[in-house]
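*Asks:* The following comprises the amino acid sequence and a computationally predicted model.
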Amino acid sequence: MADGGRMKGVEGSGEGAGQDEERDEDAREEPELALSLGRRGWHLPPQPPPAPALRWSMVFSAWDPDASGSSRAAERIWDSPPVPPLRFPDMWRGVRADGDAGGAGETEEHNDDEEEDEIEDGDRDLQNKRPKVRGFGEESPQHSGVNASFFGFEPPHLNAFAEHDHLKLSHCPENELDFGLSLFSNDGGNEIQRETNNQEAGGLEKSGDRNAEGVAIRMDLSDDLLHLIFSFLCQKDLCRAGAACKQWQSACIHEDFWKCLKFENTRISLQNFVNICHRYQNVTDLNLSGVSDADLLVMDAITFLRHLKTLTMGKGHLGEAFFQTLAECPLLNTLTVSDASLGSGIQEVTVNHDGLRELQIVKCRVLRVSIRCPQLQLLSLRRTGMAHVSLNCPQLLELDFQSCHKLSDTAIRQAATACPLLASLDMSSCSCVTDETLREIASACQNLSVLDASNCPNISFESVKLPMLIDLRLSSCEGITSASIGAIYYSRILEALQLDNCSLLTSVSLDMPHLRNISLVHLRKFADLNLRSPVLSYIKVSRCSVLRCVSITSNALQKLVLQKQESLSSLSLQCHNLIDVDLSDCESLTNEICEVFSDGGGCPMLRSLILDNCESLCVVGLNNSSLVNLSLAGCRSMTFLKLACPRLQMVNLDGCDHLERASFCPVGLESLNLGICPKLTVLHIEAPNMSILELKGCGVLSQSSINCPRLTSLDASFCRQLMDDSLSRTAEACPLIEHLILSSCLSIDITGLSSLNCLHMLALLDLSYTFLINLKPVFDSCPQLKVLKLSACKYLSDSSLDPLYRECALPMLTELDLSYSSIGQTAIEELLACCTNLVNVNLNGCTNLHELVCGSDYCSSVDMPIDVCPSYSAPDKTKEINESPYSLLEVLNCTGCPNIKKVVISSVANYLNLSKINLNLSAHLKEVDLKCSNLYNLNLSNCSSLEILKLDCPRLANLQLLACTMLQEEELESALSFCGSLEILNVHSCPKINALDFGRLQAVCPTLKRIQSSLIA
């Protein structure tokens, strides 16, 4: 910067010109926080006459200045002449040459005319509460040229010096700041310069802001509101905000924002720092971590830091003189030094301060340290490489020597015993510490309550008595054995104990009334655990491969996790508030574990029990009135399961392959899946809330007693040995069953089906893959049936279905599945003609279906065998079909019917709702003639014999003709002429339909949107 009142990067303004040039060069290389403490205003070096500022003419609605404020500046703006609009070519390419000259002359003229007004306004600038938001490209009156670099371009009139000292927010790194904010001037010369700049800016403002509708708008922000907003900004952002206007500048320099100076990793000059401390002598918190020569900054400004309370230093060198200087800060109570070199490397570094209460010297390099602070309460020397330490701190409460590898056992002993009030000691990773040191510390520090001696291999803790100890950490102490537990037992008020990685520890037996937390991880020889504590709430036991016995007594423990304890065979719990137990992968647990978790076993509040992969369990019997969740996944040796848990809602039996007998009486389960138990033979269930039961795959289940009054769905598929008496008992006990699946239940006969009359809500019955011959019990017992599946019932004859179409049995039936059955063509035709309530009919793979003719006077083909021809004449048949009532059929599936040759559905068949027909894989199908007004989807794929295709389906949208190798293009074109809504056509692998016909097909059917063919790229 140019003036003495502005803060410079390296030195003040009273030196020679040659030195100024040299230091300006240094400032360019290392930009700093140039926050100068002037009285007010911006101070810039002299510049050439400025070019006319770019202005943006914005149109706003009429604004009453009296309603917005009454400052003279506002009146002057609204009375100003209009401003020409901003032209974007000028904005991006710069101001034209003639504009530069004219703008400079106009500025001088206005400077002469408005000088008095600007001086008057200067007296009340700091009281202005309506900062001006300037138009795009407009220069600030306090700092002309600020906006020049706002969008990344510089006006040609800025010289190199101005380019360096100019505020450039868009190019300044976060840790290298070069601000030109001056808070108040230090000499008269700068004041004159400020007034001159303000006069020039004021002239430009008055000449340009005469448009009453809007170049400038004003925001009504009070000082209190600004103070609240700026309280959320850091000091770097405060410097940026202070460049906006005088009101913001005045708000930014408030001492409330500068009580904590945080300059970490920031380059700041000595003079700049001294000026800041001189301006704000009430600084209480100072952070100079990462600042070069930070000790010199503090020593030079120490006279202005009388109120300093917290000081943070780091990443540098701090000499003896620095610590001596700190005595001049009487209120200093916290000092933090990290990653620094202390002293000269030869002499001892002394920290002597009467008021210091907290001292942290972390990761520093020093030979010897002497600390004499009578009020010090917390001292941390963590990871500091020193060989000797001397303490004279009678009030010290917390001492941290963690990872001080060079510190000897004697040095630690002398330092700790010199602090009689010591309450917390951390000497973890100090490998030289011995039991003798611990005993002397225990004798000298009677109030020691927290001790961390982890990673101290020479410690056995024997004969160490610490009666006030609350928190003890002995992780990775190779000398800890079972004999050490006796010394620990002496600490009767111990609350937390950590014994991880103590490889020689074999057993722990503690009866401590205040023990709350204990951690036992990776103990290779640990075999026995016995804990008694009424307040024990957390136990961590992991990777103890030889642990065999665990006994825990506690009234506060709620969760116990003992995963992967392969040798654990005995568990005793007296935990009245225990809720969750996880014993996964405890392979040695025996059947006696069930007594622990049953009523009277010591866990009356247990809700969740996980015994996954406990492969030694073969008989599991639980009688628990509070258990809600139980998991026995992977218990492959379990053959018997008996659960009497009335609140049980979830049970997991995945992988229980050898379960033979299961009893759930009573349980609160709502659903149960036993399909993964293929060897289950006997099943008893009493579950008043169960609604879904799956027994699919229980192939040897022969005895079952299911008492579930709310059961609605029962899947007994492939229960080949399920007998009639079991089905009868289930039907009587579960009257609300709606879905009953008995597929592949080969032992079910007429007796079992007759018991279905108890199921008044039965809507779905699946008897697929059974040997049934007579279905009369089904027709008599289930009049409300809606879905009947008889797939692959090969022993059914045509007479088996007579009640359906002759006696109107099952009047509510909507879906019938006769796939792969032996039903003849006559019965199929009668079903389609008479059962008008059917919505979905599946005839997939019916070998006796030769043709499907509905609503036509066509007589049977001469090629059809005589034994399948109808006994009555064709005219009589046509008359009966024509008189048939309205049909509800929507879906007809005839996939894979190998003998079907012809399908004819005429308009008189009354299939007004038929929307989907599937004739896929009908290899012998030759003729298809359909007249269905609502047909939407037709699948004739892989009908390799199809030659005749006649369609009158005005709503057909999807036609699949994949691999119809015999279909001619003329036949297809004729069929499509009556399909006015077709959108998708698949003729892939149809060799007789070539690519040249696609244009004709689209001409015949204009609605076609997609054609799939192997001839289209």
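*Replies:* Now that the structure is in, tell me what you want to look at.
*Asks:* quick check: mean pLDDT across stretch 908-928?
*Replies:* Stretch 908-928 shows a mean pLDDT of 92.
*Asks:* now the end-to-end length of that stretch.
*Replies:* Stretch 908-928 has an end-to-end distance of 16 Å (C-alpha to C-alpha, to the nearest Å).
*Asks:* Over to stretch 502-516?
*Replies:* Stretch 502-516 has an end-to-end distance of 20 Å (criterion: C-alpha to C-alpha).
*Asks:* And the spatially closest residue to Leu233 that is not a sequence neighbour, its phi and psi?
*Replies:* Closest residue in space to Leu233, ignoring its immediate chain neighbours: Ala241 at 6.5 Å, by C-beta to C-beta, 6 or more residues apart in numbering. C-beta here means a position set from N, CA and C on the backbone, and glycine is covered the same way. Per-residue torsions, Ala241: phi -70, psi -30 (degrees, to the nearest 10).
*Asks:* Report the contact partners of Ala241.
*Replies:* 230, 233, 248, 252 (C-beta atoms under 8 Å, 6 or more residues apart in numbering).
*Asks:* if I look at the last one, how far off is Cys234?
*Replies:* Distance, Cys252 to Cys234, using C-beta to C-beta, to the nearest Å: 12 Å.
*Asks:* Of those two, which one has the most company?
*Replies:* Using other C-beta atoms under 10 Å, the more surrounded residue of Cys252 and Cys234 is Cys252, with 25 against 11.
*Asks:* Give me the number of neighbouring residues for the closest residue to the more buried one other than its chain neighbours.
*Replies:* Distances taken as C-beta to C-beta, 6+ apart place Gly242 nearest to Cys252, at 3.8 Å, with adjacent residues excluded. When neighbours are counted by other C-beta under 10 Å, Gly242 registers 23.
*Asks:* does Gly242 really touch Ile253, like I thought?
*Replies:* Yes. Counting by C-beta atoms under 8 Å, Ile253 is a contact partner of Gly242 at 7.1 Å.
*Asks:* the helices in the stretch 301-450 of the chain, which residues?
*Replies:* Using DSSP state H, counting those that start in this stretch, the helices of the stretch 301-450 of the chain run over residues 320-325, 409-417, 435-444.
*Asks:* Could you export the ones you listed as a markdown table, including distance to Ala792?
*Replies:* Output for those, formatted as a markdown table (distance: least, C-beta to C-beta, whole Å):
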| stretch | distance to Ala792 |
| --- | --- |
| helix 320-325 | 95 |
| helix 409-417 | 85 |
| helix 435-444 | 82 |
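*Asks:* Turn the ones you listed into CSV, columns for mean pLDDT.
*Replies:* As requested, these are exported to CSV (pLDDT from 0 to 100):
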stretch, mean pLDDT
helix 320-325, 92
helix 409-417, 93
helix 435-444, 93
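*Asks:* okay, these in TSV with mean neighbour count and distance to Ala340 next?
*Replies:* Listed next are the helices of the stretch 301-450 of the chain as TSV, based on neighbours: other C-beta atoms under 10 Å; distance: least, C-beta to C-beta, whole Å:
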stretch	mean neighbour count	distance to Ala340
helix 320-325	16	10
helix 409-417	19	21
helix 435-444	19	29
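*Asks:* who wins for proximity to Ser702 among these?
*Replies:* helix 435-444 (70.2 Å; C-beta to C-beta).
*Asks:* In its sheet, which strands sit next to the very next helix or strand once past the closest one, and in what direction?
*Replies:* Next helix or strand after helix 435-444 toward the C-terminus (DSSP states H and E): strand 450-452. Partners of strand 450-452 in the sheet, by DSSP bridges, are strand 424-426 (parallel), strand 471-473 (parallel).
*Asks:* picking up where we left off before, I'd like to know which of the helices of the stretch 301-450 of the chain is closest to Ala809.
*Replies:* Taking C-beta to C-beta, helix 435-444 is the member of these nearest to Ala809, at 92.6 Å.
*Asks:* where are the low-confidence patches of the stretch 751-900 of the chain?
*Replies:* Applying pLDDT under 70 to the stretch 751-900 of the chain flags residues 856-885.
*Asks:* Show me the strands in it, by range?
*Replies:* Counting by DSSP state E, counting those that start in this stretch, one finds strands in the stretch 751-900 of the chain at the ranges 764-766, 787-789, 815-817, 840-842, 851-854, 891-893.
*Asks:* Return the list of helices and strands in contact with the second one.
*Replies:* In other words, strand 787-789. Where contact means 3 or more C-beta pairs under 8 Å, 6 or more residues apart in numbering; DSSP states H and E, strand 787-789 is packed against strand 764-766, strand 815-817.
*Asks:* can you check the first one too?
*Replies:* Counting contacts by 3+ C-beta pairs under 8 Å, 6+ apart, the secondary-structure elements packed against strand 764-766 are strand 739-741, strand 787-789.
*Asks:* Mind listing what's buried along that strand?
*Replies:* 764-766 (16 or more other C-beta atoms under 10 Å).
*Asks:* Can I get those in JSON lines including distance to Ala909?
*Replies:* Compiled in JSON lines, the buried residues of strand 764-766 are given as follows (distance: C-beta to C-beta, whole Å):
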{"residue": "Leu764", "distance to Ala909": "28"}
{"residue": "Leu765", "distance to Ala909": "28"}
{"residue": "Asp766", "distance to Ala909": "29"}
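*Asks:* Next, the buried residues of stretch 467-480.
*Replies:* Applying 16+ other C-beta under 10 Å to stretch 467-480 flags 468-480 as buried.
*Asks:* Columns mean neighbour count on top of the helices and strands packed on strand 764-766, output as CSV?
*Replies:* Shown next, in CSV, are these (neighbours: other C-beta atoms under 10 Å):
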stretch, mean neighbour count
strand 739-741, 21
strand 787-789, 20
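*Asks:* Of all those, which one is nearest Phe771?
*Replies:* Minimum separation from Phe771 across the helices and strands packed on strand 764-766 (C-beta to C-beta) falls at strand 787-789, 15.2 Å.
*Asks:* from the middle of its chain, how far away would the closest one be?
*Replies:* Chain-centre distance of strand 787-789: 46 Å, with C-alpha atoms, centre = their mean, to the nearest Å.
*Asks:* any idea whether Pro666 is helix, strand or coil?
*Replies:* What DSSP: H, G, I helix; E, B strand; the rest coil gives for Pro666 is strand.
*Asks:* before we move on, what about Val464?
*Replies:* Recorded secondary structure, Val464: coil (three-state DSSP).
*Asks:* residue contacts, it?
*Replies:* Val464 touches 435, 438-439, 442, 487, counting by C-beta under 8 Å, 6+ apart.
*Asks:* Quick one: end-to-end distance for stretch 958-978.
*Replies:* Using C-alpha to C-alpha, the end-to-end distance of stretch 958-978 comes out at 14 Å.
*Asks:* So Leu810 versus Asp780, what's the distance?
*Replies:* Going from Leu810 to Asp780 by C-beta to C-beta gives 10 Å.
*Asks:* what about the nearest residue to Glu851 once chain neighbours are set aside, neighbour count?
*Replies:* Nearest non-adjacent residue to Glu851, counting by C-beta to C-beta, 6+ apart: Lys902, 4.2 Å away. When neighbours are counted by other C-beta under 10 Å, Lys902 registers 20.
*Asks:* shaky segments in the stretch 101-250 of the chain?
*Replies:* 101-220.
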